[in-house]
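J.: After the sequence you'll find the predicted model.
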Amino acid sequence: MAETKFTGIVLAGGNSTRMGMDKGLILWKGKTLVEHAIEILASLCSNIFISTNSHHYNSYNYPVILDQYTDCGPMGGILSCLNQSDTDINLVIPVDVPFITSVIYRRLLEQNKVCDIIVPVDHKSWYQPLCSVFKKSVIPAMEEQVQDSIFGFTPLIRKVNALEVPFLLEDEHYYAQTFLNINSPADLEAIN
């Protein structure tokens, strides 16, 4: 794994309407949520992109990738970054999943099989596509979906060669909160 180069994609482009402010800039345990996400990817990736349309992330000294595809949600942000990436393998992390660790991504990367996307499946059998490994080979299928205004990831996972990696509560380094998504002030209060 050490010889292969990976690009990290930090998703910081959401509207944060329920939170009332940009989630990536929220302080948690002495760092912004975007800094937590960057730290997780930094131990694995040779390059890191921040997917956002906000100028607030320019000060983090990582390339900020603007959406080429507007009003597509995370699908457009990931696709825009994949088009800029120089590596075949790309690790995606949203800023609002603070409990995920690099161990989760290492487990995904250990699945050394030919596929377009490696997607974790949590202990409730839910896909976690925004915490997945995307390969450049998935670009044509994503572009086709965007052209058809299909922005959900489940159709993509069913359409391409996806490798599903299950995570169970008895697994080491996996917890019920691993993929917990922080969307509102109440969610933030609950984890402080």
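T.: Perfect, thanks for sending it.
J.: I'd like to check which residues are in contact with A176.
T.: Counting by Cβ atoms under 8 Å, 6 or more residues apart in numbering, A176 makes contact with H123, L169. Every residue, glycine included, has its C-beta placed from N, CA and C.
J.: And it, how close does it get to K159?
T.: A176 sits at a distance of 30 Å from K159 (criterion: Cβ to Cβ, to the nearest Å).
J.: now swap in G77 and tell me
T.: For G77, the distance to K159 (Cβ to Cβ) stands at 19 Å.
J.: now do T101
T.: On the measure of Cβ to Cβ, T101 and K159 end up 29 Å apart.
J.: again with V95
T.: Distance of V95 to K159, given as Cβ to Cβ: 27 Å.
J.: Same drill for those two, tell me which one is more crowded.
T.: V95 (28 against 15; other Cβ atoms under 10 Å).
J.: which residues of the protein fall in strands?
T.: Taking DSSP state E to define them, one finds strands in the chain at 6-11, 27-28, 31-32, 47-51, 64-65, 89-94, 117-121, 133-135, 162-166.
J.: count of neighbours near Y57?
T.: 23.
J.: thinking it is in contact with K23, fair?
T.: No - taking contacts as Cβ atoms under 8 Å, Y57 lies outside contact range of K23: 11.9 Å.
J.: hang on, the earlier thing: so which of the strands of the chain is nearest R107?
T.: strand 162-166 (6.7 Å; Cβ to Cβ).
J.: Against which helices or strands is the closest one packed?
T.: strand 117-121 (3 or more Cβ pairs under 8 Å, 6 or more residues apart in numbering; DSSP states H and E).
J.: separation between the residue located most distally from the centre of the chain and L108?
T.: Distance from the centre of the chain peaks at E170, with 23.8 Å (Cα atoms, centre = their mean). Applying Cβ to Cβ, the value for E170 to L108 is 18 Å.
J.: same question, E143
T.: 23 Å.
J.: higher neighbour count, the two?
T.: Neighbours per residue (other Cβ under 10 Å) separate E143 from L108, with L108 holding more: 20 against 14.
J.: these two touch, right, the more buried one and K135?
T.: No - taking contacts as Cβ under 8 Å, L108 lies outside contact range of K135: 11.6 Å.
J.: related to what we said a few turns ago, tell me, what's touching Y57 and K23 both at once?
T.: Counting by Cβ under 8 Å, 6+ apart, the common neighbours of Y57 and K23 are A12.
J.: Report the contact partners of the nearest residue to I182 once chain neighbours are set aside.
T.: Once flanking residues are discounted, I182 sits nearest to D96: 4.6 Å by Cβ to Cβ, 6 or more residues apart in numbering. For D96, the contact set (Cβ under 8 Å, 6+ apart) comprises G14, K23, G24, L33, N181, I182, N183.
J.: Which member of the residues you listed is positioned nearest T70?
T.: Once Cβ to Cβ is applied, the member of the contacts of D96 that ends up nearest T70 is G14, at 13.8 Å.
J.: before we move on, the earlier item: which among the contacts of D96 count as buried?
T.: G14, K23, G24, L33, I182 (16 or more other Cβ atoms under 10 Å).
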